[in-house]
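S.K.: sequence first, then the predicted structure:
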Amino acid sequence: MRRPHDRYAGRQPERYAGGPYGGFLSPARGRLPVSPDSPNPSSGRLAPLPLVEAAGCATPRGKDVMSDSSWTRVPSAPPTAPAPTGAPGSAAAPAPPPAAPAVTPSVAPGLLRSLEPLLRGWLPRQRWFAGKGLPINGFRLAGATELMPPGGSHGPLGLLHVLVDVEQPGRPADCYQLLLGAHPLLPSALVRTALGPAVGGPYDGLTLYDAPHDPRLAALLLERLRMPGRTGRLRFTTEPHAVFPPALAPRVSTAEQSNTSVVYGDAYILKLFRRVSPGTNPDLELSLALARAGSRRVAEPVAWFESLEPGPGPAAEEPTTLGVLQRFLPGSSDGWALALASVAEDGDFRAEAAALGRATAEVHASLAAALPVRALGGEALERMAAGMARRLDETAAEVAAVRPYAAALRSAFDDLAKLGAGTLPGHAVTAQRIHGDLHLGQALRGPAGEWVLIDFEGEPARPLAERRKAAPPVQDVAGMLRSFDYAAHHSGNGPWAARHRDAYCTGYAAVSGTDPREQPVLIRAFETDKAVYEARYEARHRPAWLPIPLSALARLATSV
Ligand SMILES: Nc1ncnc2c1ncn2[C@@H]1O[C@H](COP(=O)(O)OP(=O)(O)O)[C@@H](O)[C@H]1O
Ligand SMILES: O=P(O)(O)O[C@H]1O[C@H](CO)[C@@H](O[C@H]2O[C@H](CO)[C@@H](O)[C@H](O)[C@H]2O)[C@H](O)[C@H]1O
């Protein structure tokens, strides 16, 4: 049986493997080696990087893409609280040595020890850091790959790729992806991105900082992405038809997000996954399946990179997706912003809601055509209902405000469990790959009014294996219906929700032939499950928003 990643494997020859830097920029070569049979028509010789003078230089050489020429020495990080005595990774009990093959040999000695004090201060301040408020027991280096070593003929600028496991009490270790710039001095524009100066280890004396914010290093990453092949344990893949226009100025996206994205000109957006789980990320898997099926409802991936290091768990043999470069949709607005504007003026957004319903149904049809679909029997529905009931219990235990509704909400899941028993032949509930976390913020409307769905990662709180399971498409519909409710209740205009939920269902039914309003048991179960998820999400992240899912739970508790 072909595993999902097999579809990507072997599509691109791995031309640049070999050498400690896998044939990528090395001090000796200074240019990316370009194979004469490069698949990229726009490739050929690459412009040398605008790097800085060697040895303590403060003056950029040539035309630097950084406009800010004031360079700053970043002070050492303030001392951080020592790790609990004996904790792995602390000075008292150093983390176990990293597995050799995952770490570029030249940077291995002392790297983790030099990173540790910087990570203790910097990581918990990052939006994407999942274990906020918990002490850090220790770190383990899961991978380190020098994409550009500092100190060669191109000056002291370096780019290091790191995968680090962070151990915290009460949760499984989280693996984070870091792209670290290294330089003795930082332009003032980059000071806020600094982790601090490394003391000891291979970067002793260099300041480490968050590389995506440095346009020179973001440009270098794009250059690396357009060259299929390997650097150490990282594998870069490019779609054969990908065209890379020259001089795409990079900028880090300022959108609220769970990862870090770099926008290149108006052409591409690179999402760098921050908390990574072993295996293929569904954002790549599903976007690619849709793009290859010719869907217009997706931002096509053109290149991506993965770690080949085996991870724990069921996806151990698959590469782990680390970043995806996709078509950027210039001039687009997200559905959440558009809906809020409409709610504010009690406007009529029904045509857009119906178009979004049609777009959702088109995506479901494309996914069903590209990937397996199966009928769910009674037992599968019972298991699904049991999972929902378990999530309700867990949420009620955590969020007191959910408890008054819990008993009545359980009837939604009991009805789902019974559905299997009464299923008529030909009317079985089917499961297929779906978006998994569909809401208005995951839909972008382009300047011509066309809707495109983004972020096929699924609900971030669920384990990757669960997010990649087939599920009834009505789950996405329920997610979007919840979102119309959110937009309306955010601005206190409940009737707006009902009109637009209806319009969305009408659009969905027009393309799929299945009207979600005619599946009340399924819709109620999935809406309840989503609102339960949202109650926990809001209690944890935005307590002021908790009344929004609570009002839905109150409604769902009394509906039949
Ligand atoms: N292809 C794209 N074109 C234009 N903007 C995009 C594109 N993909 C994402 N964005 C913008 O970036 C934001 C975050 O993207 P998303 O994939 O949801 O990131 P995350 O999973 O990190 O939260 C979106 O809300 C949107 O504003
Ligand atoms: O966008 P993410 O994949 O990070 O999804 C998470 O965050 C969402 C909020 O940004 C959250 O969505 C909830 O709030 C939205 C309004 O901000 C609303 O439109 C959605 O319907 C509601 O679920 C999502 O649940 C969470 O997984």
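M.R.: That came in fine, so what should we check first? Numbering: from 1, shown residues only. Ligands and ions are numbered 1, 2, ... in the order given.
S.K.: how long is stretch 326-335 end to end?
M.R.: End-to-end span of stretch 326-335 (C-alpha to C-alpha, to the nearest Å): 19 Å.
S.K.: for ligand 1, tell me whether it is touching it.
M.R.: Yes: contact of stretch 326-335 with ligand 1 (C-beta under 6 Å from any ligand atom) involves 326-329, 332, 334. For glycine as for every other residue, the C-beta is placed from the backbone atoms N, C-alpha and C.
S.K.: which one of those has the most neighbours?
M.R.: In terms of neighbours by other C-beta atoms under 10 Å, the residues of stretch 326-335 next to ligand 1 top out with Gln326 at 23 neighbours.
S.K.: run through the bridge partners of it.
M.R.: Ile269, Pro301 (DSSP bridges).
S.K.: does it really touch Leu286, like I thought?
M.R.: No: counting by C-beta atoms under 8 Å, Gln326 stays clear of Leu286, with 11.9 Å between them.
S.K.: redo the residues of stretch 326-335 next to ligand 1 as a markdown table? Include distance to ligand 2 and pLDDT.
M.R.: A markdown table is the format used below for the residues of stretch 326-335 next to ligand 1 (distance: C-beta to the nearest ligand atom, whole Å; pLDDT from 0 to 100):
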| residue | distance to ligand 2 | pLDDT |
| --- | --- | --- |
| Gln326 | 15 | 98 |
| Arg327 | 19 | 96 |
| Phe328 | 18 | 97 |
| Leu329 | 16 | 97 |
| Ser332 | 16 | 97 |
| Asp334 | 10 | 97 |
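S.K.: contact residues of the stretch 351-500 of the chain facing ligand 2?
M.R.: Taking C-beta under 6 Å from any ligand atom as the contact definition, the stretch 351-500 of the chain meets ligand 2 at 437, 439-441, 455, 459-460, 482-483, 486.
S.K.: ok, now with 8 Å
M.R.: The interface of the stretch 351-500 of the chain toward ligand 2, taken as C-beta under 8 Å from any ligand atom, is made up of 437, 439-442, 455, 457, 459-461, 479-480, 482-483, 485-487, 490.
S.K.: in helices, which of those appear?
M.R.: 479-480, 482-483, 485-487, 490 (DSSP state H).
S.K.: which secondary structure elements does the longest strand seen in the chain contact?
M.R.: In the chain, with assignment by DSSP state E, the single longest strand is strand 171-183. Strand 171-183 is packed against strand 158-168, strand 207-210, helix 215-225, strand 275-276, with contacts defined by 3 or more C-beta pairs under 8 Å, 6 or more residues apart in numbering; DSSP states H and E.
S.K.: any idea of the mean pLDDT in the next helix or strand after that strand?
M.R.: The first helix or strand that comes after strand 171-183 along the chain, using DSSP states H and E, is strand 186-187. Per-residue pLDDT over strand 186-187 has a mean of 92.
S.K.: partners of strand 186-187 in the sheet?
M.R.: Sheet pairing for strand 186-187, using DSSP bridges, gives strand 71-72 (antiparallel).
S.K.: tell me the helix or strand right after the strand it pairs with.
M.R.: Next along the chain after strand 71-72, taking DSSP H and E as the criterion, comes helix 111-122.
S.K.: quick check: angle from that following helix to strand 171-183?
M.R.: Comparing the axes of helix 111-122 and strand 171-183 via axes from the mean of the first three to the mean of the last three C-alpha atoms, to 10 degrees yields an angle of 100 degrees.
S.K.: helix 111-122: which residues count as buried?
M.R.: Counting neighbours by 16 or more other C-beta atoms under 10 Å, one finds that the buried residues in helix 111-122 are 111-120, 122.
S.K.: what does the stretch 201-350 of the chain put close to ligand 1?
M.R.: Within the stretch 201-350 of the chain, the positions lying close to ligand 1 (C-beta under 8 Å from any ligand atom) are 253, 255-261, 263, 269, 271, 273-274, 283, 299, 326-330, 332, 334.
S.K.: residues contacting the closest residue to ligand 1 within the stretch 351-500 of the chain?
M.R.: At 3.5 Å from ligand 1, Asp455 is the closest residue in the stretch 351-500 of the chain, using C-beta to the nearest ligand atom. By C-beta atoms under 8 Å, 6 or more residues apart in numbering, the contact list for Asp455 reads 283, 437, 442.
S.K.: may I see the residues you listed organised as CSV, with neighbour count added?
M.R.: Shown next, in CSV, are those (neighbours: other C-beta atoms under 10 Å):
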residue, neighbour count
Asp283, 23
Asp437, 22
Gln442, 22
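S.K.: closest to Leu322 among the residues you listed?
M.R.: Nearest to Leu322 among the contacts of Asp455: Asp283, at 11.4 Å, using C-beta to C-beta.
S.K.: and the closest one, helix, strand or coil?
M.R.: The three-state label given to Asp283 by DSSP: H, G, I helix; E, B strand; the rest coil is helix.
S.K.: surely it and Phe456 touch.
M.R.: Yes: at 4.8 Å, Asp283 and Phe456 qualify as touching, with contact defined as C-beta under 8 Å.
S.K.: tell me how many other residues crowd the residue nearest to Leu464 when sequence neighbours are not counted.
M.R.: Residue nearest to Leu464 in three dimensions, not counting chain neighbours: Ser277, with 3.9 Å by C-beta to C-beta, 6 or more residues apart in numbering. Neighbour count of Ser277, defined by other C-beta under 10 Å: 20.
S.K.: likewise for Pro495?
M.R.: The burial count for Pro495: 9, using other C-beta under 10 Å.
S.K.: buried residues of whichever strand or helix holds it, list them for me.
M.R.: Assigned by DSSP H and E, Pro495 belongs to helix 494-512. Across helix 494-512, burial judged by 16+ other C-beta under 10 Å covers 496-497, 500-509, 511-512.
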